[in-house]
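> Have a look; sequence and predicted model below, questions after that.
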Amino acid sequence: MSMSVVDLGTRFGTSIASFLHKSSTFFPNQSQLGTPDFECIGVDIDEIHRGDLEGRGYRFMCGDLRSHGFRESLPEADFYLVCNLLHHLRSPRDQSDVLCCALEKARRGVWFRAKSFEEDATSGEGVLISEGLRFCWSRDYSSYSISEITALVRETLPEASLRVEPAKRIRHTKDKRVVPADTKTDSFFYAAAMGPKVYMELPKPVVCEWDIFVENKIYETNTDKT
Ligand SMILES: C[S@@+](CC[C@H](N)C(=O)[O-])C[C@H]1O[C@@H](n2cnc3c(N)ncnc32)[C@H](O)[C@@H]1O
């Protein structure tokens with residue numbers, strides 16, 4: 001069986017590689033479909049990534065996902081991936097347009113991986129803030145919270161099944177994604193020039209990236225679109 005996957009904001013195509021490796025874990029209800037051949041397309045605003053994608057045997061489409069016309073030109077596919085892209089789009093309108101585009105064009109499922117913009121002190125940035133620290137992206141970027149993304153998914157695809165899982169956790173302030181709270185930076189990594197930070201084990205692990213898996217129930221069994 002052949003299936004298709006489209007990866008939005010692909011850069012080097014690493015999310016496609018992770019998806020191909022873990023697709024049956026990510027979408028367990030699709031596992032009865034056997035081991036499909038995947039036709040993969042990476043999409044990015046930067047033409048420089050064409051070589052990376054074509055070198056891996058994938059197709060590449062270059063364009064700006066903020067453009068309605070470009071989104072319209074994207075093909076339907078079995079799966080859409082939207083990993084570490086939303087915060088780059090900056091405007092909430094562009095973020096919801098791209099989210100909805102993925103939900104509408106994916107026949108079987110969508111894998112979203114999003115940086116945490118959660119502020120709570122249970123597993124969010126609140127744990128860091130209480131130690132005088134923060135995520136490096138939390139001031140210069142913005143994105144929907146997990147509850148806003150799940151609300152949007154429910155509104156767009158009320159019948160779909162939805163799973164939210166921590167993707168990556170920070171356990172120690174030495175982690176490069178942790179910076180002093182008062183740092184002004186748009187970098188994604190701590191640098192000594194940002195000033196000293198305390199190195200300590202965190203009292204609770206902090207989730208820095210979340211996965212959201214949306215599965216279209218129609219395709220949970222071994223049915224094929226006709
Ligand atoms: C942080 S990288 C994510 C790469 C990959 N998805 C991953 O998770 O490893 C974000 C990518 O999105 C692309 N990008 C940013 N804004 C975009 C836009 N408006 N349209 C299409 N691609 C965009 C960037 O060029 C970059 O390659």
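Received it, and whenever you're ready, just let me know what you need.

> In contact with whichever residue of the chain sits closest to the ligand, which residues are there?
Closest approach between the chain and the ligand, counting by C-beta to the nearest ligand atom: Gly9, at 2.9 Å. Using the backbone N, CA and C atoms, a C-beta is placed for each residue, glycine as well. For Gly9, the contacting residues are Val43, Asp44, Ile45, Leu65, Val82, Cys83, Asn84, Leu85, His88, taking C-beta atoms under 8 Å, 6 or more residues apart in numbering as the criterion.

> what's the closest non-adjacent residue to the fourth one?
Pointing back at Leu65 there. With C-beta to C-beta, 6 or more residues apart in numbering as the measure, Val98 is the residue that lies nearest to Leu65, at 5.1 Å, once sequence neighbours are left out.

> give me the element the one you found is part of.
Applying DSSP states H and E as the criterion places Val98 in helix 92-105.

> mind listing the strands for the protein?
Applying DSSP state E to the chain gives strands spanning 2-8, 37-44, 59-62, 77-83, 106-115, 133-135, 161-172, 178-180, 201-215.

> could you redo these as a markdown table and give each row distance to Thr150?
Listed next are the strands of the chain as a markdown table, based on distance: least, C-beta to C-beta, whole Å:
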| stretch | distance to Thr150 |
| --- | --- |
| strand 2-8 | 19 |
| strand 37-44 | 24 |
| strand 59-62 | 28 |
| strand 77-83 | 14 |
| strand 106-115 | 10 |
| strand 133-135 | 20 |
| strand 161-172 | 6 |
| strand 178-180 | 26 |
| strand 201-215 | 7 |
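
> The ones you listed into TSV, with extra columns for mean neighbour count and mean pLDDT?
Written out in TSV, the entries for the strands of the chain read as follows (neighbours: other C-beta atoms under 10 Å; pLDDT from 0 to 100):
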stretch	mean neighbour count	mean pLDDT
strand 2-8	22	95
strand 37-44	20	96
strand 59-62	17	98
strand 77-83	25	97
strand 106-115	24	96
strand 133-135	23	94
strand 161-172	15	96
strand 178-180	23	94
strand 201-215	19	95
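
> Out of those, the one nearest Ser123 is which?
Ser123 lies closest to strand 201-215 among those, at 4.7 Å (C-beta to C-beta).

> What strands line up against the closest one, and which way round?
strand 106-115 (antiparallel), strand 161-172 (antiparallel) (DSSP bridges).

> Return the residues of the chain in contact with the ligand.
By the rule C-beta under 6 Å from any ligand atom, the part of the chain lying against the ligand is 9-11, 14-15, 44-46, 64-66, 83-85, 88-89.

> burial count for the residue nearest to Leu65?
A count of nearby residues for Val98, using other C-beta atoms under 10 Å, gives 20.
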